[in-house]
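Enquirer: the sequence and its predicted three-dimensional model are supplied below.
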Amino acid sequence: MTQDSLIIAGKTYSSRLLVGSGKYVDLAQTKAATEASGADIITVAIRRVNIGQDPNAPSLLDVVPQSRYTILPNTAGCYNADDAIYTLQLGRELLGGQNLVKLEVLGDEKTLFPNMPETLKAAEILVKDGFEVMVYCSDDPIQAKMLEDMGCVAIMPLASLIGSGMGILNPWNLSLIIEQTQVPVIVDAGVGTASDAAIAMELGCDGVLMNSAIAHARDPVLMAQAMKWGVQAGRAAHLAGRMNKKFAGIASSPLTGLVV
Ligand SMILES: CC(=O)[C@@H](O)[C@H](O)COP(=O)(O)O
């Protein structure tokens with residue numbers, strides 16, 4: 001395959017798999033799984049993970065260094081625009097002025113579904129403040145378009161509920177979003193196993209972001225590797241173009257030049 005990189009806000013990444021940094025048993029496992037995933041972008045919940053907020057505690061950056069990875073601060077645990085904006089301002093400060101962030105404003109603790117009115121409100125303010133906003137959103141194409149028009153640098157519809165591992169519940173909506181969107185579309189949340197990641201990429205997503213499927217696998221390091229391959233296989237299949245489906249049996253061997 002020729003060079004096929006993911007470009008977000010003008011920066012090129014070789015991996016189309018983005019991973020979370022939560023839910024691992026310890027930092028050693030975080031490091032091993034992150035390395036096995038081959039991901040370049042690692043997202044960090046600023047409210048939950050230490051990247052310098054507590055200078056006396058171990059930092060994620062000790063095992064996932066900024067010299068190797070793009071650390072993507074996210075607003076996990078925020079339920080309104082004000083909290084999300086404040087959290088990302090803190091993230092920008094902790095990461096030396098980095099503007100690339102992941103916005104997620106959640107609706108409730110039961111579903112962790114995006115609160116779209118608050119997401120739209122926060123995105124508008126953050127973009128005006130110079131942030132490059134990758135935005136977790138519902139798979140509603142109308143609201144996804146609003147976020148793109150506002151200037152978000154990546155649209156990140158959920159495949160299914162965060163942490164559910166249910167896979168892609170509505171490929172049709174994802175396809176509508178992919179078709180209309182000029183910035184990268186990255187499925188975020190709900191991926192359960194490598195075939196889910198491959199399907200997202202076959203649909204034409206530009207990338208996949210996940211956490212639980214890797215961290216909660218029996219062997220997180222092996223699953224991280226499987227996810228890397230799933231994303232690569234799905235991307236290659238998307239670029240190759242699948243054959244048309246036919247409701248008929250069609251022989252694989254040639255029909256001409258028969259011996260008998
Ligand atoms: C890590 C992150 O940013 C979240 O949006 C979320 O945790 C990803 O979802 P899964 O845990 O379902 O992969």
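Expert: That came in fine, so what should we check first?

Enquirer: contacts only, for A45.
Expert: Neighbour list for A45: 20-22, 74-77 [criterion: C-beta atoms under 8 Å, 6 or more residues apart in numbering]. Where C-beta positions appear, they are placed from N, C-alpha and C, glycine not excepted.

Enquirer: try K228
Expert: 15, 17, 36-39.

Enquirer: max pairwise distance over the residues you listed: which two?
Expert: Pairwise distances across the contacts of K228 peak at 11.7 Å for S15 and A36 (criterion: C-beta to C-beta).

Enquirer: from the contacts of A45, pick the one nearest the ligand.
Expert: Taking C-beta to the nearest ligand atom as the measure, the ligand sits nearest to G20 out of the contacts of A45, at 2.9 Å.

Enquirer: that closest one: neighbouring residues, count only.
Expert: 28 (other C-beta atoms under 10 Å).

Enquirer: so it touches A215, yeah?
Expert: Yes - G20 sits in contact with A215 when judged by C-beta atoms under 8 Å, with a separation of 7.4 Å.

Enquirer: let me see the mean pLDDT of the helix or strand harbouring I42.
Expert: Take DSSP states H and E as the rule and I42 turns out to sit in strand 41-45. Mean pLDDT, strand 41-45: 96.

Enquirer: just the CA atoms of that strand, as CSV, please.
Expert: Output in CSV follows, covering the C-alpha atoms of strand 41-45 (Å, rounded to 0.1, in the frame of the first residue of the first chain):
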residue,chain,number,x,y,z
ILE,A,41,-2.5,9.4,19.7
ILE,A,42,-3.3,8.5,23.3
THR,A,43,-6.2,10.2,25.0
VAL,A,44,-6.2,11.1,28.6
ALA,A,45,-9.0,11.9,31.0
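
Enquirer: related to what we said a few turns ago, flag the least confident of the contacts of A45.
Expert: Per-residue pLDDT puts G22 lowest of the contacts of A45, at 89.

Enquirer: so in this protein, which helix runs the longest?
Expert: Of all the elements of type helix in the chain, the one with the most residues (DSSP state H) is helix 220-240.

Enquirer: do it and the ligand meet?
Expert: No - against the ligand, helix 220-240 shows no contacts by C-beta under 6 Å from any ligand atom, the least distance being 10.0 Å.

Enquirer: now do the helices in the stretch 1-150 of the chain.
Expert: 27-37, 81-94, 116-128, 141-150 (DSSP state H, counting those that start in this stretch).

Enquirer: dump the ones you listed to JSON lines, plus mean pLDDT, mean neighbour count and distance to M223.
Expert: As requested, those are arranged in JSON lines below (pLDDT from 0 to 100; neighbours: other C-beta atoms under 10 Å; distance: least, C-beta to C-beta, whole Å):
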{"stretch": "helix 27-37", "mean pLDDT": "97", "mean neighbour count": "19", "distance to M223": "8"}
{"stretch": "helix 81-94", "mean pLDDT": "96", "mean neighbour count": "19", "distance to M223": "27"}
{"stretch": "helix 116-128", "mean pLDDT": "98", "mean neighbour count": "19", "distance to M223": "29"}
{"stretch": "helix 141-150", "mean pLDDT": "98", "mean neighbour count": "18", "distance to M223": "29"}
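
Enquirer: could you tell me the end-to-end distance of stretch 51-62?
Expert: Its first and final residues considered, stretch 51-62 spans 9 Å by C-alpha to C-alpha, to the nearest Å.

Enquirer: swap in stretch 201-214?
Expert: Terminal residues of stretch 201-214 lie 17 Å apart, using C-alpha to C-alpha.

Enquirer: with stretch 100-115 instead?
Expert: With C-alpha to C-alpha applied, stretch 100-115 spans 21 Å between its terminal residues.

Enquirer: how far out from the middle of the chain is that stretch?
Expert: Relative to the mean C-alpha coordinate of its chain, stretch 100-115 is positioned 14 Å out (C-alpha atoms, centre = their mean, to the nearest Å).

Enquirer: so which bits of it are buried?
Expert: By 16 or more other C-beta atoms under 10 Å, the buried positions in stretch 100-115 come out as 100-107, 112, 114-115.
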